[in-house]
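> only the shape, not the letters, is given here:
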């Protein structure tokens, strides 16, 4: 039960963080200096934390899938794990390369295509949010299916 609760909390934190960014941080209307300041602050605060939480979520979900192999919720545990891995891949190859570029910018050295990079980052963020929320839903359904089985 402790592993189930821990996994729900950790995946919930990841999904909640991405959801909060989606609802509270649409950068499309930001002036260049505002975008730069807000994005750098978010990256500084979350660039290590969220991947660590994602890794913890993957380990916990893998443990649950192994523990409940053959049970009613096994497929849902596997689905949650696959979705969390997908969210990590999206982050690593979609968002983080752009984050690395933005961290090197100053308001005076922003490239002319900065809005295209911003919009590409936002696109991958929306996909990652949907995948993370779906992972949480799959994990919650798996845990509940084993509580009632």
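Good, I have the coordinates. Keep in mind the model is a prediction, meaning the values are calculated, not measured. Numbering: from 1, shown residues only.

> for residue 51, the count of nearby residues, please.
15 (other Cβ atoms under 10 Å). (Glycine included, C-beta is placed from N, CA and C.)

> report the contact partners of it.
Residue 51 is in contact with 88, 91, 92, counting by Cβ atoms under 8 Å, 6 or more residues apart in numbering.

> same deal with residue 90?
Neighbours of residue 90 in contact, by Cβ under 8 Å, 6+ apart: 124, 127, 128, 131.

> now residue 85: closest residue in space, sequence neighbours ignored.
residue 58 (6.4 Å; Cβ to Cβ, 6 or more residues apart in numbering).

> hmm, who's touching stretch 123-143?
Under Cβ under 8 Å, 6+ apart, the answer for stretch 123-143 is 4, 7-8, 11-12, 14-15, 18-19, 21-22, 57, 61, 64, 68, 73-74, 76-77, 79-80, 83-84, 86-87, 90-91, 94-95, 98.

> could you give me the buried positions within it?
Going by neighbour count (16 or more other Cβ atoms under 10 Å), the buried part of stretch 123-143 is 124-125, 128-143.

> save the contacts of residue 90 as JSON lines, and put in distance to residue 46 too.
Output for these, formatted as JSON lines (distance: Cβ to Cβ, whole Å):
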{"residue": "124", "distance to residue 46": "14"}
{"residue": "127", "distance to residue 46": "17"}
{"residue": "128", "distance to residue 46": "12"}
{"residue": "131", "distance to residue 46": "17"}
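
> do I have it right that residue 40 meets residue 101?
No: counting by Cβ atoms under 8 Å, residue 101 is not a contact partner of residue 40; they are 11.3 Å apart.

> any idea of the mean pLDDT in the longest helix anywhere in the chain?
When the chain is parsed with DSSP state H, its longest helix is helix 114-148. Mean pLDDT, computed over helix 114-148, is 94.

> low-confidence ranges, this structure, go.
Applying pLDDT under 70 to the chain flags residues 148-149.

> ranges for the strands of this structure?
For the chain, no strands are identified by DSSP state E.

> helices of that one, start to end?
2-24, 32-46, 49-67, 74-90, 96-103, 114-148.

> in the fourth one, what counts as buried?
Read that as helix 74-90. Quick answer for helix 74-90 (16+ other Cβ under 10 Å): 74, 76-81, 83-88, 90.

> circling back: what's the closest of the contacts of residue 90 to residue 45?
residue 128 (16.7 Å; Cβ to Cβ).
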